[in-house]
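1. Sequence first, then the predicted structure:
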Amino acid sequence: MQTKAAKQALIDAGRWVSQQGWVPATGGNFSMKTDDGFVVTASGFDKGHLTPEQFLELDQHGQIVSGDGKPSAETALHLKLYELQPQAGCILHTHSVAATVLSRFIRSNQFSVTGYEMQKSLSGIKSHLDTLSIAIFDNDQDIPALAARVAKYHETYPVTHGVLIRGHGLYALGNSIFETRRHIEGLEFLFACELERIKLEGAVK
């Protein structure tokens with residue numbers, strides 16, 4: 001995709017994600033592959049009101065070639081996920097309440113669900129009887145160290161739809177921005193359902 005078109009697609013995605021309440025304050029960061037490398041959001045901007053000037057352009061090695069502003073430290077995790085999943089074309093990192101709370105409530109290293117028809121919104125999931133699992137990693141301000149842990153996990157359990165960072169949020173990926181948006185919407189529905197189920201089960205005496 002051309003750089004200009006990629007920026008506009010991310011601007012549109014940012015407006016949609018913000019309307020859902022999944023990127024409060026200036027949280028989150030977005031990226032997309034382009035014909036020449038990547039475009040990523042610069043740090044500190046409201047994702048619901050992005051402009052083309054609020055992106056950085058990176059070459060295929062992740063080096064900044066154009067744009068003002070500071071890249072998010074989490075850009076390194078985006079680049080690692082693209083390396084692990086070469087077919088991925090877009091990554092959207094969000095901070096929804098459901099994803100953040102569930103990632104702290106679940107003590108294991110995976111969010112796993114079965115029995116929901118909405119699981120089929122995730123590429124490769126064919127039935128509600130399949131088990132969908134999203135890896136959970138402890139939050140870390142040392143992003144290269146976090147990226148290394150994700151890469152190590154990927155060696156055994158390939159990351160396909162995204163990862164959760166505990167107390168932080170979701171990194172969703174897809175082959176295109178359209179698939180990534182679908183993955184986010186499907187996952188957020190499942191997160192919300194599981195959060196409601198946990199609350200209801202806790203209320204049953």
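-> Cool, got the structure.
2. can you pull out the helices in this protein?
-> With DSSP state H as the criterion, the chain has helices at 3-19, 75-84, 97-105, 143-156, 177-203.
3. Now Lys70: closest residue in space that isn't a chain neighbour?
-> Ser43 (4.8 Å; CB to CB, 6 or more residues apart in numbering). Using the backbone N, CA and C atoms, a C-beta is placed for each residue, glycine as well.
4. I'd guessed the one you found sits against Asn29; true?
-> Yes - Ser43 is in contact with Asn29 according to CB atoms under 8 Å; the separation is 7.4 Å.
5. Sketch out the low-pLDDT regions of this structure for me.
-> Low-confidence segments of the chain, defined by pLDDT under 70, span residues 203-205.
6. Quickly note the distance from Thr34 to Gly202.
-> Thr34 sits 46 Å away from Gly202, going by CB to CB, to the nearest Å.
7. Comparing those two, which residue is more hemmed in?
-> Neighbour tally, Thr34 and Gly202, criterion other CB atoms under 10 Å: the higher count belongs to Thr34, 20 against 8.
8. quick one, phi/psi of that one?
-> Torsion angles at Thr34 (phi, psi; degrees, to the nearest 10) stand at phi -130, psi 180.
9. Does it touch Thr3 like I think?
-> Yes - using CB under 8 Å, Thr34 makes contact with Thr3 at a distance of 4.8 Å.
10. just to revisit the earlier point, out of the helices of the chain, which one sits most buried?
-> Sort the helices of the chain by mean neighbour count, taking mean count of other CB atoms under 10 Å, and helix 75-84 sits at the top with a mean of 21.
11. Which elements pack onto it?
-> The contact analysis (3 or more CB pairs under 8 Å, 6 or more residues apart in numbering; DSSP states H and E) places helix 75-84 against strand 29-33, strand 37-41, strand 90-94, helix 143-156, strand 169-174.
12. of all these, which lies closest to Ser127?
-> Within the helices and strands packed on helix 75-84, the stretch nearest Ser127 is strand 169-174; the backing value is 20.1 Å (CB to CB).
13. For the closest one, C-alpha coordinates in CSV please.
-> In CSV, the C-alpha atoms belonging to strand 169-174 read as follows (Å, rounded to 0.1, in the frame of the first residue of the first chain):
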residue,chain,number,x,y,z
GLY,A,169,-4.0,-3.8,26.4
LEU,A,170,-4.3,-5.7,23.1
TYR,A,171,-2.0,-5.8,20.1
ALA,A,172,-4.2,-7.1,17.3
LEU,A,173,-2.8,-8.0,13.9
GLY,A,174,-4.1,-9.1,10.5
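14. Nothing else from me, thank you.
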